[in-house]
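Trainee: Show me how the following folds:
(3 chains)
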Amino acid sequence: MQTDKRLIDAAQRAGQHLADRDTPFIFDCWYVAGFSEDFDRTPRSRTVLGRSLVFYRTEAGEAVALSDRCVHRSFPLSRSRLDRDTIVCGYHGLRFDSRGQCIEVPSQAGNCPSGIGVRAYRLREQGPLIWIWMGDGEPAVDLPIGPWLGSEQWPGSNQYHYLPASYVSLHENLLDLTHLSFLHAGTFGTPDFAAAPYSLELDETKGNFKLVRTVSPTRLPRVWAEPLGLTGIESVRKTTSEFIAPSAHLVSGHFYALSDASNPPNTRIYTAHLPTPETATTTHYFIHHARNFATQDTHVTQFMHEQLSAAFIEDIEGLTALEKLVSMTPPSERFEISFSADRAAVAMRRWLKKTATGAKES
Amino acid sequence: MQTDKRLIDAAQRAGQHLADRDTPFIFDCWYVAGFSEDFDRTPRSRTVLGRSLVFYRTEAGEAVALSDRCVHRSFPLSRSRLDRDTIVCGYHGLRFDSRGQCIEVPSQAGNCPSGIGVRAYRLREQGPLIWIWMGDGEPAVDLPIGPWLGSEQWPGSNQYHYLPASYVSLHENLLDLTHLSFLHAGTFGTPDFAAAPYSLELDETKGNFKLVRTVSPTRLPRVWAEPLGLTGIESVRKTTSEFIAPSAHLVSGHFYALSDASNPPNTRIYTAHLPTPETATTTHYFIHHARNFATQDTHVTQFMHEQLSAAFIEDIEGLTALEKLVSMTPPSERFEISFSADRAAVAMRRWLKKTATGAKES
Amino acid sequence: MQTDKRLIDAAQRAGQHLADRDTPFIFDCWYVAGFSEDFDRTPRSRTVLGRSLVFYRTEAGEAVALSDRCVHRSFPLSRSRLDRDTIVCGYHGLRFDSRGQCIEVPSQAGNCPSGIGVRAYRLREQGPLIWIWMGDGEPAVDLPIGPWLGSEQWPGSNQYHYLPASYVSLHENLLDLTHLSFLHAGTFGTPDFAAAPYSLELDETKGNFKLVRTVSPTRLPRVWAEPLGLTGIESVRKTTSEFIAPSAHLVSGHFYALSDASNPPNTRIYTAHLPTPETATTTHYFIHHARNFATQDTHVTQFMHEQLSAAFIEDIEGLTALEKLVSMTPPSERFEISFSADRAAVAMRRWLKKTATGAKES
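Mentor: Residues are numbered from 1 along each chain as shown, chains lettered A, B, ... in the order given. The predicted structure follows:
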C-alpha cells in the first residue's frame, strides 16, 4: 500500500500554490521584535526575517533597532557599548545615532563623512510588545492586534520559545483545531473537540482566516475550568482562532456554564500567538496570554501560564520533529494530502504564497 | 616525492568504475532493518537507504515497517501511538493499518477517503534478524544468509554500531585480510597473517567474492584459542571471508590443532557483518556472532562477544577517520592506488558500481 | 537612515579588488607549520591551506611534513606509527620514508612498486618556528622574518590560537592601530593612541606595508611600562606594524622615557603575528613574543606573555564575531566603507588579491 500516484501528483500540483518553508518572507508587515523587557540599555542581537539586528533603548526609553553590521568592517554593533543615545562600534569606534546615522569616525577626527549609516527599523511599542516594520517603505498597515494589550483590564503574561521550524507550519497548526485531541491529548484536547462542528470565515482578499468551534455541553479542561470556577459543571466551550497577519494569530476563548447560555458572561481568554521568522526554518515564537476577569488574581495568571505552556511545548516538539523529517525528505518526494478540515489552513497558506510572491516581484 | 602523475591519472580512471560513497544505493536487495528485539509495541524510527521509516510489531507479533512520514502534514509516525495493529498519527489522528493504508481521518468522521496510505515495506524475520526489501517490485532474490541463523545449534550474540562511514568502505575492509596485522595489531592480527597465502573465488556475474586464507602452523589469538582449548598449541587458522550481497558479508573461521589436520573437527565460528546504509556516508552496522560448539556455554558467548567487539571498534574508528579525511579532500585530488592484494575488494566494488548504476538506469 | 546607495555601489566595486575570505590562498609563501615543540616522535595532523598534513620528526630530529592521506585507501597517516624514520600506515602497513616515498607494501612482500608516494613538503626550522613551503615549485622567496628568532639576545615565548575567521581579517586588524582604543580599551589601548599621527610606507610591488605611529609624550600601558621601568614616567611610544608576507606581520615597539629622547636606548619589543590559513574562514594563529632587554628575567617573559595574551584574545573574539556575522549576511548585501585610516589595510588587501589571483592563473 501507498498513496495513489494520481493523488500524489494532484497534491504536488496543489502544493505549488501553498506557502511553505521555501516561500519568501513577507516584509510588509509588523512583526514582534521582542517583549518590552527585551529592550534596555544593553545592546542585544536578534535575527529577524534573515536580517541581523541590534536592539537597545535610548536614555529616554525609546526602543531602537538597527542593522547589526557596522558598515566599516562588518563588526556586530551588538558587541558594542552605548554612549547616551548613540551606539559606539566595539571595533573602531564608529558612532551611530539612534536613527542609524554615522556621526563620528574617530580616525577622521572631527571630519565625519556624510551619507553613511546603518539601516534603522521603525518600531512601535504596544503594551508588552515591541513591533518592527521590516518592509522598505512606510508602514502600509496597522498593528495586527488591538489596544487591549497590556491594559489593566487585560492582565496577562509573556512566553517566548525558540522554534526550530517554519513559521508557516506554526500558523497551520494554529488554524487547525483537529489536532487538539491527538497532540494535546494530555493537556487541553478533550476527546469531543476534534469532531465538533465549526464555522469558517475565510477572506482571501484581506488575508483574514477565522475558525469558530463550539462544543456544548462539555466539561472544560482544567486550564480553563479552574480559573472560571467551572470545574465539573456542564459548560459551553466556544473558541475562535483567527489568522490576522503573518505575524499574528489570536485565539479567543469564551467559556461559561450551560445554565448561563441564555445570558452568557462577558469573560474572555485571549492567547496571542506571534511568530516572527528568524530564518526559513526557525522562528521566534512569542506568546501573550491575557484575560478580562479575576484581573487582580496573580495566582490565576500563574496557573494559566503554566498550564498553557505545557500544551504549547507539545506543539513545539511536534513541529520540530516535523521540520526535521521534512528536511530529510527529498523535495521530489514531498507532498501533503489535505482534507476538508484543512480548508482554513490551506486558504491561509494560499494567501501567504500569493502575498509573498507578489511582494517579491514588486 | 609524490605519486607519479601517470599513476594518479590511471588510478582516477580506474576509480570511475568502482563504487564509493558517491555511488547510488542498490535498492533491490534484502537489508537488515534491525534485530528482532528492536521491533516491539513501541514505534521506533530508523533511516534506511536514505528513507525515514517507522518500525513496530502487531499484537500477533508480526513486524511492520512503514514510511515514517504521515501523508497529511509530514508528522513522524514514530512519534505516534499504536492502537491494536494500527498506528495513529500523533498530530491529527490519521489511522494507518499495518499495510500502510489510511483507514481513518478523524476530522472526516466515518468518511475516510480511499487511495491514501504510507508505503509499507516487506519484512522477513530470520532468527535474530529482521530483513527489509527496499526495492520497488517484488523481492527478486533470497535472503542473503542461511537458515543456521538463530538455530539452537548456532548460539550467538548481536552487536550494533553506528558507523559514520560509507558501507562501501566497510565491505572493502571486510574483503581485505591484509589490514589485520596493522589495524588489529593489538587484538586478532597476528604478525604472520598479512603475508600468508590466500586463494580467491571472484564471481562478477553473481556478485559473490570469496577470500580464503590459511595460516599453518600458527598460534591462534586469544579470542579463538581459549574457547576452542587451543591456547599455546600449534594450530591451523583457516578463514573464509565472503561478500554475499550489498547487505551481507560472512566470515567463517575454521581453527584446529595441527595434530588434527588429517581429520579436522567440524567446529566453525561465524561472524555475519550486515551493513545497512543509512545515508551515503553513514551506516547501520549490524553484526551477528555464532558458533556450532560449546553451544550451552554462555561464558564462551560472552567472551567471544567482548573480544570481537574490541576488534570491530578498531575498524569503526579507522573507517570513521578515513571518511572524515576523504570528506576534506577535494574530489579532484582523490585517488586510490590498488595492489594485487586488493583484487577481491576491487572486483566487489566494480560489481557494486555496475549493479547500482544499472539499477539506477532501469 | 542607511548608507547612501551610491556609496554602497562604490564600496562593492572597490571591494572586488580587495582580498577577503573568498580569495584563493597564496601558495608560494613560507607559512608557519607549527612551533618547534609541535614536532616530535608522535605523528600529528594539521590542515594548512586546505590540505591535510601529518607532522613528525626523524630520529635525528629533522622535521617532516607529508600529505596525511595514504595513497592506497585514504587512511590518515597521522593515525599511524613511526618506525625509525619511516611512517607505517595504520591500516595496511604501507611504509613511507621521510621524503614521502612508499618503500614497502606488506602484501607485496619485497616487491614494492615504484613511483608511489605521498607529497612531502619542504620545511625550515628557525628558532622556535617551523616553516612550510606549500607552493608547487622550489621556494622562490626567503623566510619572511629574521635570524633574531630564538637567539639568546631575543628571549621570548610562543602562543597559539585557533581563530575561526579569515586570515585576511586578521592581517587587516594588525595593520590598523585605530581599533586599539576601542577593542582594547581595557588592555593596551590608551585613549590618545587612535588619533595620534602616523606615517605609512606602502610598497605594492614588493607587498610590504608599514605603519609607524608615534605618541609623545604619553604614559605607557602597564604591559610595557612595568618591564621597562617606565611606570608613571612621561614616555615616547613608537610602534611599527609591518605586513611582510601573507604569513607574517611584525610589530616592533620602541618605548623610552621622554627625557631620553635625544639619545634613546636600543630596547625593542617584537611581536611576530604569524597567521597560517587552515581553511578560507579558519586560521592557525601563531604568535611569538620577544625582546632584547632583561634577557635573563623569566618574570618579564611571563608578565608580558600574560598581558599580551589578554589583548590578543580580544582580537580573536572580535574577529570571530565578525566572521560569523559576515557568514549570515547574503553576499549581495555585503559591503565595507573604508576611511583614510584604512589606507594601509586596503593597499595590503589589494596586493593579496592581485597576488592570489595572479598565482591562480599561472
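Trainee: which bits of chain A sit near chain C?
Mentor: A:47, A:50, A:52, A:67-69, A:71-76, A:79, A:88-93, A:99-101, A:105-109, A:113, A:115-120 (Cβ under 8 Å from any Cβ of the partner chain). Every C-beta, even on glycine, is put in place using the N, C-alpha and C of the backbone.
Trainee: do that again at 7 Å, thanks
Mentor: A:47, A:52, A:68-69, A:71-76, A:79, A:90-93, A:99-101, A:105-109, A:115-120 (Cβ under 7 Å from any Cβ of the partner chain).
Trainee: ok so A:I244 is a strand residue?
Mentor: Yes. Judged by DSSP: H, G, I helix; E, B strand; the rest coil, A:I244 forms part of a strand.
Trainee: List the contacts of it.
Mentor: Shown in contact with A:I244 (Cβ atoms under 7 Å, 6 or more residues apart in numbering or on different chains): A:144-145, A:208, A:250.
Trainee: So in terms of bridging, what pairs with the residue of the stretch 251-362 of chain A found nearest chain C?
Mentor: Nearest residue of the stretch 251-362 of chain A to chain C, counting by Cβ to the nearest Cβ: A:T279, 9.1 Å away. Beta bridges link A:T279 to A:T282, judged by DSSP bridges.
Trainee: Touching, it and A:L49? I think so.
Mentor: No. Look at A:T279 against A:L49 with Cβ atoms under 7 Å: they stay out of range, at 8.7 Å.
Trainee: Distance check, A:T329 against B:H284.
Mentor: 19 Å (Cβ to Cβ, to the nearest Å).
Trainee: Same check on A:P275?
Mentor: Look at A:P275 and B:H284: by Cβ to Cβ, they are 37 Å apart.
Trainee: mind giving me the domain split of chain A?
Mentor: Taking automatic domain parsing as the domain assignment, the ranges for chain A are A:32-133, A:156-361.
Trainee: Can you get me a residue count around the residue of the stretch 251-362 of chain A closest to chain C?
Mentor: Neighbourhood size, A:T279 [other Cβ atoms under 10 Å in any protein chain shown]: 16.
Trainee: ok, it to B:F35 distance?
Mentor: Counting by Cβ to Cβ, the gap from A:T279 to B:F35 is 39 Å.
Trainee: ok, now which ones touch A:V118?
Mentor: Going by Cβ under 7 Å, 6+ apart, the list of residues near A:V118 reads A:66-67, A:69-71, A:96, A:100, C:2.
Trainee: hmm, the helix or strand bottoming out on mean pLDDT in chain A touching chain B?
Mentor: One helix or strand of chain A scores below all others by mean pLDDT, DSSP states H and E: helix A:180-183, with a mean of 80. Yes. Interface with chain B: helix A:180-183 contributes A:181-183 (Cβ under 7 Å from any Cβ).
Trainee: Looking at those, state which has the most neighbours.
Mentor: Among the residues of helix A:180-183 next to chain B, the one with the most neighbours (other Cβ under 10 Å) is A:L183, at 25 neighbours.
Trainee: That residue and chain C: what is the separation?
Mentor: For A:L183, the distance to chain C equals 33 Å [Cβ to the nearest Cβ, to the nearest Å].
Trainee: what's near enough to touch that residue?
Mentor: Going by Cβ under 7 Å, 6+ apart, A:L183 touches A:314-315, A:318, B:90-91.
Trainee: Repeat the analysis, applying 6 Å as the threshold.
Mentor: A:314, A:318, B:91 (Cβ atoms under 6 Å, 6 or more residues apart in numbering or on different chains).
Trainee: related to what we said a few turns ago, and the following helix or strand past the least confident helix or strand of chain A, anywhere near chain B?
Mentor: Next along the chain after helix A:180-183, taking DSSP states H and E as the criterion, comes strand A:198-203. No. With Cβ under 6 Å from any Cβ of the partner chain as the criterion, chain B is not reached by strand A:198-203; the gap is at least 9.8 Å.
Trainee: Quick one: list the elements packing against strand A:198-203.
Mentor: The contact analysis (3 or more Cβ pairs under 6 Å, 6 or more residues apart in numbering or on different chains; DSSP states H and E) places strand A:198-203 against strand A:208-218.
Trainee: got the buried residues for the strand it packs on?
Mentor: Within strand A:208-218, the residues scored as buried using 16 or more other Cβ atoms under 10 Å in any protein chain shown are A:209-213, A:215, A:218.
Trainee: Need those in TSV (columns: distance to C:Q126).
Mentor: Formatted as TSV, these follow (distance: Cβ to Cβ, whole Å):
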residue	distance to C:Q126
A:F209	72
A:K210	76
A:L211	75
A:V212	80
A:R213	79
A:V215	82
A:T218	83
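Trainee: Just the closest of those to B:E323, please.
Mentor: Nearest to B:E323, judged by Cβ to Cβ, of the buried residues of strand A:208-218 is A:F209 at 48.6 Å.
Trainee: quick one: the helices in chain A?
Mentor: Counting by DSSP state H, chain A has helices at residues A:5-15, A:167-174, A:180-183, A:222-228, A:298-328, A:343-361.
Trainee: Please state the offset of stretch A:84-95 from the chain centre?
Mentor: Distance of stretch A:84-95 from the chain centroid (Cα atoms, centre = their mean, to the nearest Å) equals 32 Å.
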